[in-house]
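1. Return atomic coordinates for the entry below.
(chains A, B and C)
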Amino acid sequence: MNNKNILSINNLSAGYYVNGQYINVLKDINLNIKEGESFAIVGQSGSGKSTLALAIMGLLSIDNGKIINGQIKFNDEDLISKVKHIRGKDISIVLQDPHSYLNPVIKVGQQVREALEIYNINLTSKEINEKIKDTFIKVKLDDVERIYNSYPHQLSGGQKQRILIAMAIINNPKFLIADEPTSGLDLSVQKQILELFVELRNQLNLTLLIITHNILIAKKFSDTTAVLLNGEVVENDNSEKLFFNPQHNYTKLLCKHIKKIEN
Amino acid sequence: MGNNIKKLLKNKFAVIGLTIIFLLIFVAVFASVISPYTPSEQNLSERLLKPSMEHFFGTDDLGRDIFTRMIYGSRISLIVGFISVLIILIIGTFLGIVSGFYGGKIDYVIMRFTDIVLCFPIFFLILLIIAFLEPNIYNVMIVIGFTSWPGLARLVRAEVLSLKEREFILVAKMMALSNIKIFTVHILPNIISPLMVYSSLAIGGAILTESSLSFLGLGVQPPMPSWGQILTSGKDYIYIAWWLSIFPGIAILLTVLSFNLVGEAIRDVFDPKEDHIE
Amino acid sequence: MYYLIKRIISSIPILFGITIITFFIMHLTPGKPTDLMTDMNIKVTAEAKERLQRLYGLDKPIYVQYIDWVKRLVFFDFGNSFRDARPAKNKILERLPATILLNFVSLFFICLIAIPLGIYSAIKKDSVIDKGITIFLFISFSIPSFWLALVFMILFGVQLGCLPISGLYSFDFNNMTILMKLLDISKHLILPVAVSVITSLAILSRYTRSGMLEVLKQDYIKTAYAKGLTEKQVIIKHALKNALLPMITIIGLSIPGLIGGSFIFETIFSYPGIGRLGYEAVMARDYPVVMGIATLTAILTLLGNIIADISYTYADPRIKYK
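-> Model prediction:
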């Protein structure tokens, strides 16, 4: 892992328009994520962590959101203007809650295929099928044929989550965001999915950004952690260090809470 | 409530609609003062005159001043509109509430009944019932009222069903409030706003129906001056007296449009989860 | 398949309800139904009246009359027209195709225009275009259809003289070639269809708009954008299908409205369909024909709803593959 920053966020402020009024959610965020590392952003609901993920991906406008200030650089190039052209290819996101993030009236296989076809118009049908099969197996969806032809409601929560992951990695992105990857899943499945992310990261050599409310997940699965409170980064450090020696009061609170549960 | 009325008045369309409606009510009430002639005043030497200073909208085939007839016609439209919808409200709300509140067999029977009525083309249903009875203004109001309630009943039932599940009802039940109390205090205030929206749109619809009926000769009978009726004679003289066909139509259009605009505006203000037209 | 059977079975009580209502309406009139027939002809003696009543079974107890009615309904035997003694069934059947043609063509154009309008105004929500479309739809919804028909007649038939304003065929229809015949029918359809379409656009359009807006807020739309799809691709490949599904039901529900409107402007345009037949029959108090049309349209509507329901079941994979 070298020390180059793959993602740099400088003075980022963003928010949403609600009934015509602008409400600021992210306040002057500064973050750097190194190439190849696993980075976690921890915060409670309402802290702005999902907003941050959507801001990076340029998806804020769908919910009437907007970046009002700041810069995001991806490999030293401005991301805010470019993201429309590279999302799904160089930088991908697995959105939370597999139950609502898949189109209910299209077969899941087709939805995965689409992700590949957008950026690979020159592939033959056979090559596409191969790549899809490959990716399904990577995400541990072994019953390829059946799942490819299923509709979302015919699959389990874990299977749907794997489909979303397949969609995100099929173009071998360099940067993958996992927004609350365990929400909506049973406990047993949660562990599998998280381990899958780590495995994929190692296999595909990608930089992983995990968004979570659970500081324990951050400790276990990431190298660096940033803590988000009310739209501001209050602490940002190596995960182990942060967990065992939290500096900010809020971080201390989060860690204490988890330690209690662990014991 | 005051806040909501302010919001309503901000909507330009609502203001236009309300203005026209109040203007209409004013005209209807003060018809005898405003109109230059009387509606049945025939003057056979002045048949089919073009619009002029003496006759703003011209005269019809019996020499009657159309402007006057249209002023008095506003009374018919408004009365039929309001009373038919009143009947629909009474029947539809009652059945909708009973159906939603009690559920079970009562619900099944009432809902099947609405299904049946809704299978018939309502306009034709109204047409033939009036034909079998006697075409006059009272039957028009009654028949419109008694054939058009199914839509409202379903709407009210849906509202009641969704309210039934909400917490405050369960709390009230736990407090063992009598059904009637739960009803008037909790359910009724919550259905007022969809009822208002519905009523406004329904009045527009009733006015359209009445004018269609009168146009076909099965509504308000002459010499009562309904706008639809003026258009009937218009039909026979389209080649030579265009004014018989244009003015009443515009009047109906503007009136119905106003009620529709106001209805939509009420929906926007009181039901913010729907989307807006502003 | 199973669903189809269930659906048909649940419609049977409605079918019975239809028969009961039609029966009830017939006996609404003060006096006996046959009075309507005989009152037109003063020369009929009291004796003849009695004979007529016995012929129509009006002297039997009411429940027997009802059973007779239902029995005849199975064969669509509505009796003979009071006006020309021909079987009502035949009169209706010969006019039915014209009305079906008119409503089919209207429905086609309504969908063709209203749905894109709805989708477009959803995408461009709150823009000038959206507001313009909304105003236009409000006006079109508020226009009395018979008045629009009159205005069109004056404009196109009288002033401009370019379109026929009555009937379905021209005088020399039988002498025309197939192509000319098709053209002729089309020319005659333009005005009635235009009136029907304009007055019916609003509802489908608004429902499409709100349906589309709902869909565009859904999470899977975010996924589609995240994959790298352009706005156009997202709308066409992901949003459309979800937004259009409920429209199947809406279209089904608007069929009785279309048929109902037929009664008004078929009359004005002298269009030879069951709308005009129905109006004439009502005016002449020709109750066999009237009840025939009422019953038939109700049954057609019921069928239409069943078809719409089944189509929806097939179209929505969440229901099809349970």
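2. Okay, helices next: where are they in the chain?
-> I went with chain A, as the question did not name one. Assigned by DSSP state H, the helices in chain A fall at A:49-57, A:79-86, A:108-119, A:125-138, A:144-148, A:157-169, A:187-204, A:215-221, A:239-244, A:249-262.
3. The intended chain is chain C.
-> Going by DSSP H, chain C shows helices at C:2-26, C:33-38, C:46-55, C:62-74, C:88-123, C:128-142, C:145-152, C:178-216, C:219-226, C:231-233, C:240-268, C:274-283, C:287-315, C:317-320.
4. And the contacts of the first one?
-> This means helix C:2-26. Under the criterion Cβ atoms under 8 Å, 6 or more residues apart in numbering or on different chains, residues B:112-113, B:115-117, B:119-120, B:128-129, B:132, C:33, C:65-66, C:69-70, C:73, C:287, C:291, C:294-295, C:298-299, C:302, C:306, C:309-310, C:313 lie in contact with helix C:2-26. For glycine as for every other residue, the C-beta is placed from the backbone atoms N, C-alpha and C.
5. out of those, which are buried?
-> B:113, B:115-117, B:119-120, B:128-129, B:132, C:33, C:65-66, C:69, C:73, C:287, C:291, C:294-295, C:298-299, C:302, C:306, C:309 (16 or more other Cβ atoms under 10 Å in any protein chain shown).
6. chain center to stretch C:214-230, what's the gap?
-> 37 Å (Cα atoms, centre = their mean, to the nearest Å).
7. Is it in proximity to chain B?
-> No: using Cβ under 8 Å from any Cβ of the partner chain, we find that stretch C:214-230 stays clear of chain B, coming within 9.1 Å at best.
8. Show me what that stretch is in contact with.
-> With Cβ under 8 Å, 6+ apart as the test, stretch C:214-230 has contacts from A:54, A:57, A:59, A:62-63, A:84-89, A:92-93, A:95, A:97, A:100-104, A:111, A:114-115, A:118-119, A:164, A:167-168, C:122-123, C:233-234, C:237-239, C:242-243.
9. How about it, which residues are buried there?
-> C:215-216, C:218-229.
10. want to throw those residues into CSV with pLDDT?
-> Supplementary listing: the buried residues of stretch C:214-230 in CSV, determined by pLDDT from 0 to 100:
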residue, pLDDT
C:V215, 92
C:L216, 91
C:Q218, 90
C:D219, 90
C:Y220, 92
C:I221, 93
C:K222, 92
C:T223, 92
C:A224, 93
C:Y225, 93
C:A226, 92
C:K227, 92
C:G228, 89
C:L229, 91
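11. what two of the residues you listed have the greatest distance between them?
-> C:V215 and C:G228 (19.7 Å; Cβ to Cβ).
12. in terms of contact, does B:I91 touch B:F146 like I think?
-> Yes: judged on Cβ atoms under 8 Å, B:I91 makes contact with B:F146 at a distance of 7.1 Å.
13. and A:G231, what are its phi and psi?
-> Main-chain dihedrals, A:G231, degrees, to the nearest 10: phi 80, psi 10.
14. Ignore what I typed, I meant A:Q247.
-> phi -90, psi -50.
15. correct me, but A:L164 touches A:Y101?
-> Yes: under the criterion of Cβ under 8 Å, A:L164 makes contact with A:Y101 at 6.1 Å.
16. List the residues that are in contact with both of those two.
-> With Cβ under 8 Å, 6+ apart, A:L164 and A:Y101 have common neighbours A:L95, C:T223.
17. ok, now which ones touch residue 70?
-> This is for chain A. A:I9, A:N10, A:N11, A:L12, A:S13, A:A14, A:D28, A:I29 are the contacts of A:G70 under Cβ under 8 Å, 6+ apart.
18. oops, I was thinking of chain B
-> B:F57, B:P225, B:W227, B:I230, B:F247, B:P248, B:A251.
19. show me what contacts the closest residue to chain C within the stretch 51-200 of chain A?
-> Chain C sits closest to A:G88 of the stretch 51-200 of chain A, with a gap of 3.2 Å, by Cβ to the nearest Cβ. By Cβ under 8 Å, 6+ apart, the contact set of A:G88 is A:A115, A:I118, A:Y119, A:A168, A:N171, A:P173, C:A226, C:K227, C:G228, C:L229.
20. change it to 6 Å
-> A:A115, C:K227, C:G228 (Cβ atoms under 6 Å, 6 or more residues apart in numbering or on different chains).
21. measure C:I119 to chain A for me?
-> Distance of C:I119 to chain A, computed by Cβ to the nearest Cβ, to the nearest Å: 16 Å.
22. residues near that residue, how many?
-> 21 (other Cβ atoms under 10 Å in any protein chain shown).
23. what do you get for C:I67?
-> 11.
24. thinking again about what came up before, which one of the contacts of A:G88 is nearest to A:N75?
-> Nearest member of the contacts of A:G88 to A:N75, counting by Cβ to Cβ, is C:G228, at 17.4 Å.
25. The stretch 201-322 of chain C against chain A: which residues are in contact?
-> Where the stretch 201-322 of chain C comes near chain A, counting by Cβ under 6 Å from any Cβ of the partner chain, the residues are C:219-220, C:222-223, C:225-228, C:238, C:241-242, C:317-318.
26. repeat that for 7 Å
-> Contact residues, the stretch 201-322 of chain C versus chain A (Cβ under 7 Å from any Cβ of the partner chain): C:218-223, C:225-229, C:238, C:241-242, C:316-318, C:321.
27. would you say B:L62 is within a strand?
-> No: going by DSSP: H, G, I helix; E, B strand; the rest coil, the assignment for B:L62 is coil, not a strand.
28. What parts of the stretch 51-200 of chain A come near chain C?
-> Counting by Cβ under 7 Å from any Cβ, the stretch 51-200 of chain A sits next to chain C at A:57, A:59, A:62, A:87-89, A:93, A:95, A:97, A:100-105, A:114-115, A:118-119, A:151, A:153-154, A:167.
29. now the stretch 1-150 of chain B
-> B:112-113, B:115-116, B:118-124, B:127-129, B:131-133.
30. Serialize the helices of chain C to JSON lines and add fields for distance to B:Y239.
-> What follows is the helices of chain C, written out as JSON lines (distance: least, Cβ to Cβ, whole Å):
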{"stretch": "helix C:2-26", "distance to B:Y239": "38"}
{"stretch": "helix C:33-38", "distance to B:Y239": "35"}
{"stretch": "helix C:46-55", "distance to B:Y239": "44"}
{"stretch": "helix C:62-74", "distance to B:Y239": "45"}
{"stretch": "helix C:88-123", "distance to B:Y239": "25"}
{"stretch": "helix C:128-142", "distance to B:Y239": "27"}
{"stretch": "helix C:145-152", "distance to B:Y239": "12"}
{"stretch": "helix C:178-216", "distance to B:Y239": "17"}
{"stretch": "helix C:219-226", "distance to B:Y239": "56"}
{"stretch": "helix C:231-233", "distance to B:Y239": "51"}
{"stretch": "helix C:240-268", "distance to B:Y239": "15"}
{"stretch": "helix C:274-283", "distance to B:Y239": "21"}
{"stretch": "helix C:287-315", "distance to B:Y239": "32"}
{"stretch": "helix C:317-320", "distance to B:Y239": "56"}
